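K.L.:
my questions are about this predicted structure, shown below with the sequence.
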Amino acid sequence: MQSYSAFAFAILALLLTPGPTNTLLALSGAGRGVRASLPLMLGEICGYLLVVVPLTMLASEFLATHTAISQAIKLCSAVWVSFLAIRLWTLPQSTSTAHAITVRRVFITTCLNPKAIIIALVLMPQGSVAELLPYIAMFSMLIVCVALVWLSAGSFLIRGASEHSPRLVRCVASVFLMVLSLGLAGNVFGIL
């Protein structure tokens, strides 16, 4: 088993990296503020745990030997992130971006987030349920901390730009998500 500090550092480094879930959290923080966006953290925690725990406990060896299934999961992630990008781009001007970001959407996005697979198959130690419980508890607490960082970043950094040019903020976030989607798809097809 790896040390708790090494585990926490690796998880923080990965979770703090911009990605689809973090983009949604930042946009919600900008549109609704931190307090109103707090329920989104439940979708993120449940999404990560739904993927990470079963993969860590049951499927890590299976996916290591069946790379086609692992690639299919990445491709599904790319398609979902692309859908989010298109949805953000095509929201009517009168629709608030923040109201389009729901707990359900954050949950699905997190379930399909490639970070969950990396956490389950690379960062989470292998062991019995009793050995993994402290790591899962720490992982859950780190999700909350990082989610607060992204909600706050959205609230403090994006809100001003969003008030003056909400369409521009949505388009920039949409382009960012599309680049992520293309990167995932490129990785699956060996282009990147």
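P.N.:
Looks like it came in fine.
K.L.:
mind giving me the packing neighbours of the helix or strand hosting residue 23?
P.N.:
Taking DSSP states H and E as the criterion, the element that holds residue 23 is helix 20-32. If contacts are counted by 3 or more Cβ pairs under 8 Å, 6 or more residues apart in numbering; DSSP states H and E, helix 20-32 sits against helix 34-37, helix 40-54, helix 67-90, helix 97-100, helix 103-111, helix 129-153, helix 159-164, helix 166-188. In this view, the C-beta of every residue, glycine as well, is placed from N, C-alpha and C.
K.L.:
switch to 6 Å and redo it
P.N.:
helix 97-100, helix 103-111, helix 129-153, helix 166-188 (3 or more Cβ pairs under 6 Å, 6 or more residues apart in numbering; DSSP states H and E).
K.L.:
using CSV, please lay out those together with mean pLDDT and distance to residue 50.
P.N.:
As requested, those are exported to CSV (pLDDT from 0 to 100; distance: least, Cβ to Cβ, whole Å):
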stretch, mean pLDDT, distance to residue 50
helix 97-100, 67, 22
helix 103-111, 95, 6
helix 129-153, 94, 12
helix 166-188, 76, 19
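K.L.:
quick one, which of the ones you listed gets closest to residue 66.
P.N.:
Among those, helix 166-188 comes nearest to residue 66, with 14.6 Å by Cβ to Cβ.
K.L.:
pull out the buried positions in that closest one.
P.N.:
166, 169-170, 173-174, 176-178, 180-182, 184-185, 188 (16 or more other Cβ atoms under 10 Å).
K.L.:
next one: stretch 18-38
P.N.:
Using 16+ other Cβ under 10 Å as the test for burial, stretch 18-38 gives 19-34, 37-38.
K.L.:
how distant is that stretch from the center of its chain?
P.N.:
In this view, stretch 18-38 has its centroid 11 Å away from the chain centroid, taken as Cα atoms, centre = their mean, to the nearest Å.
K.L.:
do the same with stretch 69-89
P.N.:
With Cα atoms, centre = their mean, you get 12 Å for stretch 69-89.
K.L.:
cool, stretch 133-146 as well?
P.N.:
With Cα atoms, centre = their mean, you get 14 Å for stretch 133-146.
K.L.:
next: stretch 108-128.
P.N.:
On Cα atoms, centre = their mean, the centre of stretch 108-128 falls 11 Å from that of its chain.
K.L.:
I would like the residues contacting it, please.
P.N.:
1-2, 10, 14, 20-21, 44, 47-48, 50-52, 55-56, 60, 74, 76-77, 80 (Cβ atoms under 6 Å, 6 or more residues apart in numbering).
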